[in-house]
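Chemist: here is a sequence together with a model predicted from it:
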Amino acid sequence: MQIIGRELAANIEFFKQKLRCDKNFDVVYRTFAMGGREACMFFVDGFAKDDVIEKIMEFFYGISKEEFPADAHTFSKTSVPYCEVAVSGEVPVIVNQILSGVWVVLVDGYDQALLIDQRTYPQRLTSEPDRDKAFRGSKDGFVETLVFNTALIRRRIRDPDFCVEHMAVGEASQTDVAVCYIEGRADQALLETVKQRIQEAKVDALTMNQESMAELLVKKKWYNPFPKFKFTERPDATAAQILEGDIVILVDNSPSALVLPTTLFDVMEEANDYYFPPITGSYLRLTRFFTTILTTILTPTWLLLIQNPSWIPQWLAFIKLDEPVYVAPLLQLLILEVAIDGLKLASLNTPSMLTTSFSMIGAIILGDFAVKSGWFSAEVMLYMAFVAISNYNQPNFELGYALKFMRLILLVATGIFGLWGYIGGLVFIGLVLVLNRTISGKCYLYPLIPFHWKELKKKVLRIKIDESHS
């Protein structure tokens, strides 16, 4: 491990070259005198709090030669009027701290640097996330700054057993990662596995933040799209998961928390379930379950029935296609499945001031002319509109697309092989779910498989809080 020397001039030249101060306009260094000695500061402009530096510098200038401590440790204790102060003589640590925003002070005659953590990061307001909203309850949300996110959780959990372990991932990025859990509640074996995988991760940078971290932790099979993690931007939901014994991973520059281990029932939980009385929360949860199942099988079931009109009972006769069909129903459904995602991407890249207008144009003009031109049947447009809107009944994007892929497989199998394809598709979906495993090794459908009634009741129904912890 490379250590700095006691000669200030040599240290300044070394760090100027190491940090490329001649090229990086935002890496600032400045020499000054205090107590009869030369000193030099290094910091990144934009991360430093100018008012804090000014106050501490006033104190430095007031130190006399007789009061000057003999070593950096004593100096940090007696001459730095700030709380978050550390010392280090290791070059990699000092460089990493400077680039992280810490104010570093080198003093002539000291073989260790003063690390004064007065940094601040640009951040947006901790407002409620757009995607993960609740009718009632807290209206704050995670931001892209790690320390603020951990503070939002600590505000809700004041248990001394609550731990937030810091790690750095990425040889180039050195991204800050925090593993949050409560000692004694979290699965110790899983916790050690998670920390070991993070520490042993050989990666240049977490370019996609929490998604890059998720892929490092779980080498998921490409053909199984169901999410291994639950993503949430809500501090209240995150704190609740930690209190239940789950492990949460926070990644700097990301406003999402990774919750693990996660089953299908965990992914489908929502904060709204707990901000209403048990009967209302249970109704909302059961509605979500029913709608999710319905959106997966609705269009394949309809396709199967119109392929076999004799199977349609009299009370469902209205679902038959009375008008001439120019494009096969299966092809219509597949085109609309892709077209809906195309419209989502178009809406995402549309300027906000035009989004409402374009949505109305897409809904009214495109839908109306698509039916009149003969490309699509009115029934197909209706069922796909229901499926598209109902996909938003649960907040998890990954689960929504996993179910979409299952629906596409079921549609193709039904369209090609009829009843046997429909049955085979359902069996395939069941096998994908049953054979899937959480990061802790449990079945993805636990507590349904293996069956555990007490736990299943907690997942399906919203029971009282005191009963859920009994």
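Modeler: Great, that's in hand.
Chemist: who's in contact with residue 135?
Modeler: Counting by CB atoms under 8 Å, 6 or more residues apart in numbering, residue 135 touches 272, 275-276. Quick note: C-beta positions are derived from backbone N, CA and C, even for glycine.
Chemist: residue 307: which of those residues is nearest?
Modeler: Within the set of the contacts of residue 135, residue 272 lies nearest residue 307; the separation is 38.7 Å, counting by CB to CB.
Chemist: and residue 63, what helix or strand is that in?
Modeler: Residue 63 is part of no helix or strand, with elements assigned from DSSP states H and E.
Chemist: ugh, wrong one, I meant residue 24
Modeler: Taking DSSP H and E as the definition, one finds residue 24 inside no helix or strand.
Chemist: phi, psi for it please.
Modeler: When quoted as degrees, to the nearest 10, the phi and psi of residue 24 stand at phi -90, psi 110.
Chemist: ok, residue 136 next?
Modeler: Main-chain dihedrals, residue 136, degrees, to the nearest 10: phi -120, psi 180.
Chemist: if we can go back for a sec, now the buried members of the contacts of residue 135.
Modeler: Restricting the contacts of residue 135 to buried positions leaves 272, 275-276, with burial counted as 16 or more other CB atoms under 10 Å.
Chemist: filter the residues you listed down to the ones in helices?
Modeler: Restricting the buried ones among the contacts of residue 135 to those inside helices, with DSSP state H as the criterion, leaves an empty set.
Chemist: format the CA atom coordinates belonging to stretch 301-311 as PDB.
Modeler: These are the backbone C-alpha positions of stretch 301-311, laid out as PDB (Å, rounded to 0.1, in the frame of the first residue of the first chain):
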ATOM      1  CA  THR A 301     -58.900 -17.400 -23.700                       C
ATOM      2  CA  TRP A 302     -60.800 -15.200 -26.000                       C
ATOM      3  CA  LEU A 303     -58.700 -16.300 -29.000                       C
ATOM      4  CA  LEU A 304     -59.300 -20.000 -28.000                       C
ATOM      5  CA  LEU A 305     -63.100 -19.400 -27.900                       C
ATOM      6  CA  ILE A 306     -63.400 -17.600 -31.200                       C
ATOM      7  CA  GLN A 307     -61.300 -20.400 -32.800                       C
ATOM      8  CA  ASN A 308     -64.000 -22.800 -31.500                       C
ATOM      9  CA  PRO A 309     -67.300 -20.900 -31.700                       C
ATOM     10  CA  SER A 310     -69.300 -24.000 -30.700                       C
ATOM     11  CA  TRP A 311     -67.700 -23.800 -27.200                       C
END
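Chemist: give me the mean pLDDT for it.
Modeler: For stretch 301-311, mean pLDDT rounds to 91.
Chemist: can you check stretch 375-390 too?
Modeler: Predicted confidence along stretch 375-390 averages 84 (mean pLDDT).
Chemist: for that stretch, which residues meet the burial criterion?
Modeler: Going by neighbour count (16+ other CB under 10 Å), the buried part of stretch 375-390 is 375-377, 379-381, 383-384, 387-388, 390.
Chemist: same thing with stretch 399-406?
Modeler: Of the residues in stretch 399-406, those buried under the neighbour-count criterion (16+ other CB under 10 Å) are 399-400, 402-406.
Chemist: thinking again about what came up before, which of the contacts of residue 135 sits closest to residue 159?
Modeler: Among these, residue 275 lies closest to residue 159 (CB to CB), at 22.3 Å.
Chemist: okay, the closest one: pLDDT?
Modeler: 84.
Chemist: in this structure it contacts residue 133, no?
Modeler: No - using CB atoms under 8 Å, residue 275 is not in contact with residue 133, being 11.0 Å away.
Chemist: mind listing the helices in the stretch 1-150 of the chain by residue range?
Modeler: Assigned by DSSP state H, counting those that start in this stretch, the stretch 1-150 of the chain shows helices spanning 8-18, 50-61, 72-78, 91-100, 146-154.
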